[in-house]
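Chemist: When you get a sec, could you give me coordinates for this:
(chains A and B)
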2 protein chains.
Amino acid sequence: MSKLRVCCFSISLDGFGAGPNQSRENPLGVGGEALHEWVWPTRTFQKVLFGKEGGATGADDDFAARGFENIGAWILGRNMFGPVRGGWGDESWKGWWGDNPPYHTDVFVLTHHARKPVEMEGGTTFHFVTDGIRSALDKAKTSAKGKDVRLGGGVNTIRQYLEAGLVDEMHLAVSPVLLGGGEHLLGGLNLPALGFQKKEYVSTPAAAHYVLSRK
Amino acid sequence: MSKLRVCCFSISLDGFGAGPNQSRENPLGVGGEALHEWVWPTRTFQKVLFGKEGGATGADDDFAARGFENIGAWILGRNMFGPVRGGWGDESWKGWWGDNPPYHTDVFVLTHHARKPVEMEGGTTFHFVTDGIRSALDKAKTSAKGKDVRLGGGVNTIRQYLEAGLVDEMHLAVSPVLLGGGEHLLGGLNLPALGFQKKEYVSTPAAAHYVLSRK
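Modeler: Numbering: from 1, shown residues only, chains lettered A, B, ... in the order given. Purely as a prediction, here's the structure:
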């Protein structure tokens, strides 16, 4: 059955998925880049994001690779798609990722502001969903044709899907950094009460990986 | 210089240092025992708590051992000392640890209710401090004669010392378990703003260990 999966979502050891004071210059918030240091060197990320061969293998790379396996569509929150707030203006913003984004599927972007789909190179099309998280999930599942849907983030979007009981599996990568503030992923959420249990724990020198799944 | 150190303090991957519904039967709260699974098998704990030879060596044991090195006195919160609330009643409660507690130093117990010191076997004496956390720290440092003071816990006590800027070093062991509720160690605290930075990260199959220290 098609699952809604959070993969490779990085948080700090004090639980933040983005640092404080997010901006166009600091899309991950101050200090937030450090959350992702475990994944940049991996062979999977070097290939998917930069088209490069080579890179680190091992458990970090295994998790990075799993995050792209059997994924038929993505869902992103508006803030993960870009820094534009309110209306779309001249509609020139087409994501952080250049002409050929690393998704290669339909990507459903949650927003309160309607916009026509944007077709990119490499099979990625951004669709803008204005009627809520369940509608986005329905559309993504239809598009995924039986494959899984990956929920990319950010924190607020994941929290909404968690609270609605719609996430089936979540892989968190806890990076050994302190952020002190920003967006806390799990604050106030009771994961066991939401049906989650720990399925895997694998640690590396770069991160502690946890896969949580619903019973 | 004598430091105030938190050592081997176990929290869940969702940040709780004790589970929900603490009671005499469940002093660590429901599910809280699982927080400490990394430390029970270690050679250090087998020796210190049960007087047994043998046990696991490696990084988990190294951290367990470091928690007893150069410690000249301990500070405990009232709830870590025992389940008695309010006055001390017949004063029969002498801790969870039997006649020969694993401290072997002066131990300063924070309480609002005065009580005479209780001398135990093996060099442990429980002193009851009613005039606040700074007084307990002063008394413990005097007793420690230049060695470090270990702050045993629990969560509420550590948070008070953290907020007062009195903790010099903190070793957290994150166990791969979800508790969902209970006492959250770091919620609402900004460790970098309190001067902490990550000093060490070492992960094992049983826990992810972080040593945080103040600049």
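
Chemist: what comes up buried for stretch A:131-147?
Modeler: Residues of stretch A:131-147 classed as buried under the neighbour-count rule (16 or more other CB atoms under 10 Å in any protein chain shown) are A:133, A:136-137, A:139-141, A:143-144, A:147. C-beta coordinates here come from the backbone N, C-alpha and C atoms, glycine included.

Chemist: which residues in chain A form strands?
Modeler: Listed in chain order, the strands found in chain A under DSSP state E are A:4-12, A:16-18, A:71-76, A:106-110, A:118-119, A:125-129, A:148-153, A:169-175, A:183-184, A:196-203, A:208-214.

Chemist: Can you tell me which of those is nearest to chain B?
Modeler: Across those, chain B has its closest neighbour in strand A:196-203 (3.2 Å, CB to the nearest CB).

Chemist: Hey, what's the angle from the closest one to strand B:169-175? Just curious.
Modeler: 120 degrees (axes from the mean of the first three to the mean of the last three CA atoms, to 10 degrees).

Chemist: Just the mean pLDDT for strand A:196-203, thanks.
Modeler: For strand A:196-203, the mean per-residue pLDDT is 97.

Chemist: Can you list the neighbours in contact with it?
Modeler: The contact list for strand A:196-203, computed with CB atoms under 8 Å, 6 or more residues apart in numbering or on different chains, reads A:59, A:63, A:169-170, A:208-215, B:13, B:176-178, B:203-205, B:208.

Chemist: partners of it in the sheet?
Modeler: With DSSP bridges as the test, strand A:196-203 is paired with strand A:208-214 (antiparallel).

Chemist: Report the central residue of chain A.
Modeler: Centroid-nearest residue in chain A, with CA atoms, centre = their mean: A:Gly152, separated by 1.9 Å.

Chemist: With adjacent residues omitted, what lies nearest to that residue?
Modeler: A:Leu76 (4.6 Å; CB to CB, 6 or more residues apart in numbering or on different chains).

Chemist: unless I'm mixing things up, that neighbour is touching A:Arg150, no?
Modeler: No - using CB atoms under 8 Å as the test, A:Leu76 is too far from A:Arg150 to be in contact (9.4 Å).

Chemist: coming back round to it: looking at the buried residues of stretch A:131-147, spot the one nearest chain B.
Modeler: With CB to the nearest CB as the yardstick, the closest approach to chain B among the buried residues of stretch A:131-147 comes from A:Ile133, at 22.3 Å.

Chemist: Now the closest residue in space to A:Lys141 that isn't next to it in sequence: phi and psi?
Modeler: Once flanking residues are discounted, A:Lys141 sits nearest to A:Ser2: 5.3 Å by CB to CB, 6+ apart. With angles defined as degrees, to the nearest 10, A:Ser2 sits at phi -60, psi 130.

Chemist: Go ahead and confirm A:Ser2 touches A:Lys147.
Modeler: Yes - A:Ser2 is within contact range of A:Lys147, at 6.4 Å (criterion: CB under 8 Å).

Chemist: Name the residues contacting each of these two.
Modeler: Joint contacts of A:Ser2 and A:Lys147 (CB under 8 Å, 6+ apart) are A:Gly72.

Chemist: mean confidence for stretch A:2-12?
Modeler: Rounded mean pLDDT across stretch A:2-12 is 98.

Chemist: Near chain B, which residues of chain A? Just list them.
Modeler: Proximity of chain A to chain B, by CB under 8 Å from any CB of the partner chain, involves residues A:13-15, A:172, A:174, A:176-181, A:186-187, A:189-193, A:196-198, A:201, A:203-205, A:208, A:210, A:212.

Chemist: what does stretch A:124-132 rub up against?
Modeler: With CB under 8 Å, 6+ apart, stretch A:124-132 has contacts from A:81, A:94-95, A:100-101, A:103-120, A:135-136, A:139.

Chemist: how near is the residue lying farthest from the centre of chain A to A:Trp96?
Modeler: Distance to the chain centre peaks in chain A at A:Asp90, reaching 26.0 Å (criterion: CA atoms, centre = their mean). Noted for A:Asp90: a distance of 17 Å to A:Trp96, by CB to CB, to the nearest Å.

Chemist: just A:Gly154 next, same as before
Modeler: The spacing between A:Gly154 and A:Trp96, counted by CB to CB, is 12 Å.
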